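Asks: need a structure here:
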Amino acid sequence: MMRQIAVALFAGAVFGAGLAVSGMADPQRVRGFLDLFGDWDPTLAFVMAGAILPMAIAWRIQSRMAAPVVSPRFALPTRRDLDARLVVGSALFGIGWGIAGLCPGPAIANLAIAPAPAALFVAAMLGGMILHRLLPAAPPAQTVSEARRA
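Replies: Sure thing, here's the model as predicted:
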């Protein structure tokens, strides 16, 4: 258990440092990236493109592993279908990212960099998470193969 916590803290620290160094924690830079028809800032496109190679390597390595290094099993999503909740949630995430210039990772990193504005975002984010937990879950979506059988 201690090893898992140590690895999680190390990974979180590296992730937070990467966000700060790359500019992903700067809401103005994010808004500049999303402003395609104004003063567009392509910096974050390079950051995202630079993340593709290490992630592709990680997926190749993961596919050959029986289990993670510090956990008994992988916790990977099994669903591959799209439903209304996923599409609406993704749209809300994108709208919030565009308005605030922050998403969850950078917002938490910004608690150390610019605590006052980040605290408001993090409080709203936690409120949304609590609200999501309190709302009843939607019934599982029917897959295409299940619909054909019915």
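
Asks: Run a quick neighbour tally on residue 125.
Replies: Other residues lying near residue 125 total 18 when counted by other Cβ atoms under 10 Å. Backbone N, C-alpha and C define where each C-beta goes, glycine included.

Asks: just residue 101 next, same as before
Replies: Residue 101 - counted by other Cβ under 10 Å - has 23 other residues nearby.

Asks: Looks like it contacts residue 25 (just checking).
Replies: No. Residue 101 is beyond contact range of residue 25, at 9.5 Å (criterion: Cβ atoms under 8 Å).

Asks: In stretch 113-125, which residues are buried?
Replies: Across stretch 113-125, burial judged by 16 or more other Cβ atoms under 10 Å covers 117-118, 121-122, 125.

Asks: what about that stretch, distance to the chain center?
Replies: 17 Å (Cα atoms, centre = their mean, to the nearest Å).

Asks: got a list of contacts for that stretch?
Replies: With contacts defined as Cβ atoms under 8 Å, 6 or more residues apart in numbering, stretch 113-125 is touched by 20, 25, 27, 100, 102, 104, 107-108, 110-111.
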